[in-house]
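Trainee: what follows is a predicted protein model with its sequence.
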Amino acid sequence: MKVLQKSSVVDSGAKGFAYFIKGFLAGIQGHLLSKDSLDTEEEAIPAIDIHYHEIGEYRYCTEALIERNEAGENLKTVLSDIGDSIVQVKGKTKTRVHVHTNDPAEMFDRLSKQGKLIEQKVDDMNLQYERVHNRKYKTVIVTDSIADLPKEIIDDAQVHVIHMSLLVGEESYIDKLTVTNEKLFDLAKQKQTHPTSSQPTIKNIENTYRYLLTYYDTVIVLTVAKALSGTYNAFKKAAETFEENKQSIHVLETKQNSVAEGLIVWQAIENLKAGKSVEEILSEAERSISQSKILVKINTLDNMIASGRLSVRAGGIAKKVGLKPIVSLDEKGDGEVFKIAFQAKTAQKKILKHLKTLNEKKGIKYYAVTYVDDKKLGEAFAEELSGVLNKEPEFITKSSGVIAMGAGKGAVAVAYITE
């Protein structure tokens, strides 16, 4: 089953049946099938049980299960300079390792050089502590990792982020936590495959709701467009479990992604900080959704072709003529080509011209910028926008891996909300 494959787990019923057939055949042949011979197929390494997490120098409590290379180094030596509380449990071919670190992406990058990553887990100890001991509001804002928003803004408002999974071949990474966009591109090249993403499970979201409602009166969820992902439907379905608390969970589809989704979340945060009611926060978010737009300047068509958004034939023709499309989303959240250009500079000029005209006619209330892998490109784009609009962006941030997979290297984007 694809859903189980994406989560790197087997179908227990099917595996049991496989054991039955193996035993049946061995019995016919007169062989004794020992428990050890079954365990060699799926070596079980127990979870590392650490109940107490001291809040100190390191923020993230991480755990990995790795199938080791024969010439693999001692994992404590590999990771000692980027973390502490290192515990490892070794099996015949696999090792489970627990580490406290500030850089999960670097940690998992190093581990990937020691073997095949089978499982990844990351818990934010600081956020957990702050939520329990220093809760700021009675309402919590929840979003998915596709929403591009600076980490410091998320931390300050104690926003809860549900992270998407990024699949590269047989390995699964956690968006914005265990892999950088640059590493994602490298992995895709090494494995000669295009990364894909998977939405959070309904069970995972149910557990998140249950946890958050322990500390908060109300949960406001702002999700990526349902035309792009099943994430919104998963959030809605999970909320049905809490029928008795249905007034405590509000799920709103932004009909956007990336920095546009992030900008709507940012506005909700500002309204929460201003002491506005849940009804006011939701009402203003709905109004902003109808007045928001994202414009993405694509530098290469390779990722659009690899992801299937553009056919190989059409993509080949577009590359030959030097097509540089400006990509956006329509009112329903479906992808669309906003304008066509044949040079990157021309595409940028068209975006600037559009925003200048829009600002003069309607007024741009807020805007923000994101970039895939090149921070200097993002900052230069923001500087040009500032000159045209006579005000600074609300924020500049790096895109999620989900966005990077579709937009490709060198892409930049601007999102805005009109008056």
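Mentor: Now that the structure is in, tell me what you want to look at. Numbering: from 1, shown residues only.
Trainee: which SS state does I118 fall under?
Mentor: Using DSSP: H, G, I helix; E, B strand; the rest coil, the structure places I118 in strand.
Trainee: just checking, it touches E63?
Mentor: No - taking Cβ atoms under 8 Å as the definition, I118 is not a contact partner of E63, at 11.3 Å. Any C-beta I mention is one placed from the backbone N, CA and C, and that applies to glycine too.
Trainee: can you confirm G275 is in a strand?
Mentor: No - read with three-state DSSP, G275 is coil and lies in no strand.
Trainee: kindly state the pLDDT recorded for it?
Mentor: The score at G275 is 97. That number is its pLDDT.
Trainee: so what does it look like in phi/psi?
Mentor: With angles defined as degrees, to the nearest 10, G275 sits at phi 80, psi 20.
Trainee: neighbours around it, how many?
Mentor: 8 (other Cβ atoms under 10 Å).
Trainee: flag the shaky bits of this structure, pLDDT-wise.
Mentor: 1-10, 25-55, 71-72, 246, 307-312, 314-315, 317 (pLDDT under 70).
Trainee: helix or strand for Y129, just tell me which one.
Mentor: helix 125-133 (DSSP states H and E).
Trainee: can you check L358 too?
Mentor: helix 344-361.
Trainee: what's in contact with the very next helix or strand once past that helix?
Mentor: Sequence-wise, the next helix or strand downstream of helix 344-361 (DSSP H and E) is strand 364-371. Strand 364-371 has contacts (Cβ atoms under 8 Å, 6 or more residues apart in numbering) with 148, 258-259, 262-263, 266-267, 291, 355, 358, 377-378, 381-382, 385, 389, 393-399, 403, 411-419.
Trainee: same thing but at 6 Å, please
Mentor: 148, 258-259, 263, 377-378, 381-382, 389, 393-397, 399, 412-419 (Cβ atoms under 6 Å, 6 or more residues apart in numbering).
Trainee: can you select the buried ones among the residues you listed for me in PyMOL?
Mentor: Per 16 or more other Cβ atoms under 10 Å, the buried members of those correspond to this PyMOL selection:
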select buried, resi 148+258+259+263+377+378+381+382+389+393+394+395+396+397+399+412+413+414+415+416+417+418
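Trainee: among the contacts of strand 364-371, which are in strands?
Mentor: Using DSSP state E, the subset of the contacts of strand 364-371 located in strands is 396-397, 412-418.
Trainee: among these, which one sits closest to V97?
Mentor: T397 (30.4 Å; Cβ to Cβ).
Trainee: which residues does that closest one bridge with?
Mentor: T370 (DSSP bridges).
Trainee: who's in contact with stretch 115-124?
Mentor: By Cβ under 6 Å, 6+ apart, the surrounding residues in contact with stretch 115-124 are 60-69, 72, 104, 171, 174, 177-178.
Trainee: measure E284 to D217 for me?
Mentor: Computed as Cβ to Cβ, to the nearest Å, the E284 to D217 distance reads 19 Å.
Trainee: and those two? Which one has more around it.
Mentor: E284 (16 against 13).
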